[in-house]
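**Q** Fold the following, please.
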Amino acid sequence: MRWTSRIAAAALVALLQACATPPAQTPPPPAAAALEARTPVTILISIDGFRADYLQRGVTPNLARLAAEGITGPMRPSFPSKTFPNHWTLVTGVVPDHHGIVGNRMEDAGHPGETFTTASDAPYWWNAAQPIWVAAEKAGIRTGTVFWPGANVAWGSPATRADHGDYPGGTRPHDWLQYNQAIRDSQRVDTVLDWLRRPAASRPRFLTLYFDKVDTVGHAHGPDAVEATQAAGEIDTQIGALLEGLEGLRQPANIVVVSDHGMSETSDIRVIPLGLPKDSYHLIEAGPFAALNPAAGQEALVEKTLLGRHPHMECWRKADIPARFRYGTNPRIAAIFCLAEPRWMIVEKLPDAPYTRGEHGYDNQSTDMAALFVAAGPAFRHGTLPAFDNVDVYPLLRDLIGLPPRTDVDGDDAPFRHFLRPR
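**A** Residues are numbered from 1 along each chain as shown. A predicted model of the protein is given here:
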């Protein structure tokens, strides 16, 4: 072989060896950035009208999971066991007699001609007790509310509307939605999760979420109806969607699930007519209880007819309402107050058609009025609570979001201390 051929052959062999030799290893890419270590948030969830024993109907696996991981126990609502009084108690820590939302309907002598209803947002109705989102915002803790009675109120604002129709100078949650029953439950859950997708600087640390379906169905069909059980299961499914979303975000959360009251079955065969001449009184609210003021000059007639014990009902002057109800000193409470036994209804006249449905507003110690309470998350050990009052939820919430205790409220966190992990 000529030397030029030998050189060519050697070059070819070298080339083939180079091709056969694996390339130098490329350094591995930098390790993926560590996932954000998220601070736990606190989510307060209300399932309106969810009676405590609905949890035992076998249709609420997600609530059962939370109860198995955290704490649960029977919770007594405040009196009267109505929606707006108890929702305001849960977020203020004081009873309705002290925070001034003494019924779902009420009147105030300082504002003649006006009646409080569930659509009332004038701050003067609400300003007697500060809700927790206002305390949190003032402490620099960002809050967001997907519905809660009173969360749309410009708390602390004077009573006069500005020209643009709002109340100036008040405090609301940083993020809030005006209540609209048409907004689907899944949309409500998605809104909470969307807020939690934000960067840490703009992410709420305290949130509320409100569901009304169980209460609505309970009123329409009664607490023992299959429809009420189905509604409880449907809301439990939404709780499951929330938990799944939190897991996907890797967002730890202390979740506190409550209801405002239970539900009692009522019927057209269990009604109590007031039995008063129509022009002898002004009725503010009737049903499980009646709140009324005698007309001028009719005080003696009204008191003689109503005061005292009757079959399935008892009536008092407001100053004589039994002390255990912690109700009777607020000026918005009517002069005469009558309370029916559970399952009975006080009416002005007998019903025109038969019915069976559900109601609340009865004695807050009645089993039918017992409310749901379940809490779970990194702050909680597991355990079962003895019965407690719902004024104690507010102090618990302050613990969870890092606000200092308050001694000027009607509740304290004593029922929960044993079950809270050290911070």
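
**Q** Send over stretch 153-163 as PDB, restricted to the C-alpha atoms.
**A** The C-alpha atoms that make up stretch 153-163 are tabulated as PDB, following Å, rounded to 0.1, in the frame of the first residue of the first chain:
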ATOM      1  CA  VAL A 153     -71.300  46.600  54.000                       C
ATOM      2  CA  ALA A 154     -68.900  49.500  54.200                       C
ATOM      3  CA  TRP A 155     -68.300  48.900  57.900                       C
ATOM      4  CA  GLY A 156     -67.700  51.900  60.100                       C
ATOM      5  CA  SER A 157     -69.100  54.300  57.500                       C
ATOM      6  CA  PRO A 158     -71.500  57.100  58.500                       C
ATOM      7  CA  ALA A 159     -75.100  56.500  57.600                       C
ATOM      8  CA  THR A 160     -75.300  59.000  54.800                       C
ATOM      9  CA  ARG A 161     -74.800  57.800  51.200                       C
ATOM     10  CA  ALA A 162     -72.400  59.700  49.000                       C
ATOM     11  CA  ASP A 163     -73.700  61.100  45.700                       C
END
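
**Q** Leu243 contacts Glu69, correct?
**A** No - shown here, Leu243 and Glu69 do not form a contact pair, counting by C-beta atoms under 8 Å, at 10.5 Å. From N, CA and C alone the C-beta is placed, and that goes for glycine too.

**Q** hey, where'd the helices end up in the stretch 301-423 of the chain?
**A** For the stretch 301-423 of the chain, applying DSSP state H, counting those that start in this stretch gives helices covering 393-401.

**Q** buried ones in stretch 414-422?
**A** Of the residues in stretch 414-422, those scored as buried under the neighbour-count criterion (16 or more other C-beta atoms under 10 Å) are Pro415, Phe416, Phe419, Leu420.

**Q** May I ask you to name the longest helix in this structure?
**A** Longest helix of the chain, by residue count under DSSP state H: helix 226-249.

**Q** Output the contacting helices and strands for that helix.
**A** In this structure, helix 226-249 makes packing contacts with strand 41-47, helix 61-69, helix 185-196, strand 206-211, helix 213-221, strand 253-258, judged by 3 or more C-beta pairs under 8 Å, 6 or more residues apart in numbering; DSSP states H and E.

**Q** again, 6 Å this time
**A** Applying 3 or more C-beta pairs under 6 Å, 6 or more residues apart in numbering; DSSP states H and E, we find helix 226-249 packed against helix 61-69, helix 185-196, helix 213-221.

**Q** These into JSON lines, with extra columns for mean pLDDT?
**A** Below are these laid out as JSON lines (pLDDT from 0 to 100):
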{"stretch": "helix 61-69", "mean pLDDT": "98"}
{"stretch": "helix 185-196", "mean pLDDT": "98"}
{"stretch": "helix 213-221", "mean pLDDT": "98"}
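
**Q** Nearest to Thr83, out of those?
**A** Checking these against Thr83 by C-beta to C-beta gives helix 213-221 as the closest, at 7.1 Å.

**Q** how distant is that closest one from the center of its chain?
**A** The chain centre lies 16 Å from the centre of helix 213-221; the measure is C-alpha atoms, centre = their mean, to the nearest Å.

**Q** how does this structure divide into domains?
**A** Following the assignment in automatic domain parsing, the chain carries domains at 41-264+362-419, 269-354.

**Q** Show the end-to-end separation of the shortest one, please.
**A** Chord length of domain 269-354, first to last residue, is 8 Å (C-alpha to C-alpha, to the nearest Å).

**Q** Now do that domain, average pLDDT.
**A** pLDDT averaged over domain 269-354 equals 97, rounded to a whole number.

**Q** re earlier: tell me the one among the buried residues of stretch 414-422 nearest to Thr329.
**A** Pro415 (25.5 Å).

**Q** in the chain, what secondary structure element scores lowest on mean pLDDT?
**A** Per-element confidence for the chain was summarised using mean pLDDT, DSSP states H and E. The lowest value among helices and strands belongs to helix 3-20, with a mean of 42.

**Q** right, and Trp155 touches Gly169 too?
**A** No - with contacts defined as C-beta atoms under 6 Å, Trp155 does not count as touching Gly169, sitting 10.1 Å away.

**Q** Settle it for me: which of these two has more neighbours?
**A** Applying other C-beta atoms under 10 Å to Trp155 and Gly169 shows that Trp155 carries more neighbours, namely 21 against 11.

**Q** For the more buried one, grab phi and psi.
**A** Main-chain torsions, Trp155, degrees, to the nearest 10: phi -70, psi 140.

**Q** Tell me the confidence at Pro22?
**A** Pro22 carries a pLDDT value of 48.

**Q** scratch that, Pro173 is what I was asking about
**A** Looking at Pro173 specifically, the model assigns a pLDDT of 97.

**Q** residues contacting it?
**A** Applying C-beta atoms under 6 Å, 6 or more residues apart in numbering to Pro173 gives the contacts Trp133, Thr143, Gly144, Thr145, Ala151.

**Q** which residue sits closest to Pro80, ignoring its sequence neighbours?
**A** Gly361 (5.2 Å; C-beta to C-beta, 6 or more residues apart in numbering).

**Q** Asn152 reaches Gln178, doesn't it?
**A** Yes - at 5.4 Å, Asn152 counts as touching Gln178 under the criterion of C-beta under 6 Å.

**Q** Touching both of the two, which residues are there?
**A** What both Asn152 and Gln178 touch, as defined by C-beta under 6 Å, 6+ apart, is an empty set.

**Q** Between the two, point out the one with more neighbours.
**A** Counted by other C-beta under 10 Å, Asn152 and Gln178 do not tie: Asn152 has more neighbours, with 17 against 9.

**Q** what bridges to the residue nearest in space to the middle of the chain?
**A** Using C-alpha atoms, centre = their mean, the residue of the chain that lies closest to the mean C-alpha position is Ser46, 2.9 Å off. Beta-bridge pairing for Ser46 (DSSP bridges): Tyr210, Val258.
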